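S.K.: Structure, please.
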Amino acid sequence: MSPSTPFSALTIAGSDSGGGAGIQADLKAFAAHRVHGLSAIAALTAQNTRGVTAVHVPPLEFLQAQIDACFADFDIQAVKLGMLANAEVIHLVADALARHRPTHVIVDPVMVATSGARLLEESALQALRTRLLPLATLLTPNIPEAELLLGHPIETAAEAEDAAAALVDLGAGAVLLKGGHLAEGARVVDRYFDGVTRDEFIHARLPVDAHGTGCTLASAIAAQLCCGLSLPNACEAGIDYVARGLQGGYTPGRSAVLVLDHFGAGRSA
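M.R.: Have a look, this model is predicted:
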């Protein structure tokens with residue numbers, strides 16, 4: 001495409017005032033992949049590297065206006081979904097996606113805080129299962145999120161493989177089950193399944209406390225899909241991008257929490 005008509009990706013997610021996760025991380029990842037980033041803010045958070053102190057959900061009409069404005073003017077190849085705070089927001093987003101029908105939808109089901117606290121009410125969890133999973137080109141849950149979606153614990157590698165298949169059975173086109181919470185020694189295994197193809201992407205477990213890795217992974221995969229990669233290859237490239245971002249990560253706040261180096265990761269691709 002010409003420089004005046006770049007590939008575009010839309011993130012519908014929450015804003016992170018600390019700049020390390022959410023919409024801010026998504027837009028950095030899009031830019032590092034030379035994809036034009038669009039945003040529809042589904043939640044505003046007051047947060048930093050130490051935690052979240054407040055959340056504000058904008059009126060549904062305003063979220064709808066943001067989404068429609070983006071689709072009215074841009075050729076959107078991929079949509080990445082992040083923090084959707086309640087069932088009403090999920091239903092609105094699902095209706096919008098059904099109406100606009102983007103080629104790719106990457107669903108990062110932000111459901112569990114780093115502290116382990118559950119972020120979604122049961123009605124929102126059910127809406128996510130029934131409305132968003134059938135629209136998902138790819139679902140990217142971590143282990144606690146997959147446990148909530150399936151309603152049972154996941155404690156072994158075999159159970160993780162079964163969980164990926166069960167999530168596809170719930171309606172997702174494909175699943176990338178992130179393995180960071182699973183005890184597998186010095187490695188992290190992310191498991192991909194699309195109903196036919198199984199794959200494993202393995203990286204060394206880094207001794208760091210990082211912020212925004214899930215957001216970044218989903219948005220990097222969305223960007224790679226915009227650029228024409230197949231879904232398994234986009235997953236592998238996205239995982240490699242996050243690994244490079246972690247290796248160059250830094251601590252801009254007063255805590256020890258690491259923020260990813262997006263542009264270093266993009267330059268070294």
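
S.K.: that's a strand at residue 40, yeah?
M.R.: Yes. Judged by DSSP: H, G, I helix; E, B strand; the rest coil, residue 40 forms part of a strand.

S.K.: Could you tell me which residues make contact with it?
M.R.: Contact partners of residue 40, counting by C-beta atoms under 8 Å, 6 or more residues apart in numbering, are 10-12, 63, 66-67, 70. (Glycine included, C-beta is placed from N, CA and C.)

S.K.: Ok, residue 243 next?
M.R.: Counting by C-beta under 8 Å, 6+ apart, residue 243 has contacts residue 203.

S.K.: so how far is residue 18 from it?
M.R.: 22 Å (C-beta to C-beta, to the nearest Å).

S.K.: quick one: low-confidence ranges for the stretch 101-250 of the chain?
M.R.: In the predicted model of the stretch 101-250 of the chain, residues 112-120 satisfy pLDDT under 70.

S.K.: the strands in it, which residues?
M.R.: Secondary structure of the stretch 101-250 of the chain, counting by DSSP state E, counting those that start in this stretch: strands at 104-107, 138-139, 175-177, 187-193, 198-204, 210-211.

S.K.: Indicate which one of those strands is closest to residue 250.
M.R.: Nearest to residue 250, of all these, is strand 210-211, at 10.7 Å by C-beta to C-beta.

S.K.: which helices and strands does the closest one pack with?
M.R.: In this structure, strand 210-211 makes packing contacts with strand 258-259, judged by 3 or more C-beta pairs under 8 Å, 6 or more residues apart in numbering; DSSP states H and E.

S.K.: you'd agree residue 36 is up against residue 8?
M.R.: Yes. Under the criterion of C-beta atoms under 8 Å, residue 36 makes contact with residue 8 at 4.5 Å.

S.K.: overlap in contacts of these two?
M.R.: Contacts common to residue 36 and residue 8, judged by C-beta under 8 Å, 6+ apart, are residue 74.

S.K.: how about CSV for the strands of the stretch 101-250 of the chain, with distance to residue 80 and mean neighbour count added?
M.R.: As requested, those are arranged in CSV below (distance: least, C-beta to C-beta, whole Å; neighbours: other C-beta atoms under 10 Å):
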stretch, distance to residue 80, mean neighbour count
strand 104-107, 5, 25
strand 138-139, 10, 28
strand 175-177, 13, 28
strand 187-193, 17, 19
strand 198-204, 19, 14
strand 210-211, 17, 24
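
S.K.: and those as a markdown table, adding distance to residue 219?
M.R.: Shown next, in a markdown table, are those (distance: least, C-beta to C-beta, whole Å):
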| stretch | distance to residue 219 |
| --- | --- |
| strand 104-107 | 8 |
| strand 138-139 | 12 |
| strand 175-177 | 13 |
| strand 187-193 | 16 |
| strand 198-204 | 17 |
| strand 210-211 | 14 |
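
S.K.: wait, which of the ones you listed is closest to residue 56?
M.R.: Counting by C-beta to C-beta, residue 56 lies closest to strand 210-211 out of the strands of the stretch 101-250 of the chain; the figure is 20.2 Å.

S.K.: burial count for residue 227?
M.R.: When neighbours are counted by other C-beta atoms under 10 Å, residue 227 registers 15.

S.K.: mind listing what it touches?
M.R.: 7, 33-35.

S.K.: Could you do residue 67 as well?
M.R.: Taking C-beta under 8 Å, 6+ apart, one finds 10, 12, 40, 93, 96, 100 in contact with residue 67.

S.K.: Distance check, it against residue 166.
M.R.: Distance from residue 67 to residue 166, by C-beta to C-beta: 30 Å.

S.K.: before we move on, what about residue 158?
M.R.: The value you get for residue 158 to residue 166, if C-beta to C-beta is used, is 13 Å.

S.K.: Tell me the buried residues in the longest helix along the chain?
M.R.: Longest helix in the chain, counting residues (DSSP state H): helix 231-247. Buried residues in helix 231-247, counted by 16 or more other C-beta atoms under 10 Å: 231-232, 234-246.

S.K.: Tell me which of the strands of the stretch 101-250 of the chain sits nearest to residue 123.
M.R.: strand 104-107 (17.7 Å).

S.K.: which strands and helices sit next to that closest one?
M.R.: Contacts defined by 3+ C-beta pairs under 8 Å, 6+ apart place strand 104-107 against strand 76-81, strand 138-139, helix 213-226.
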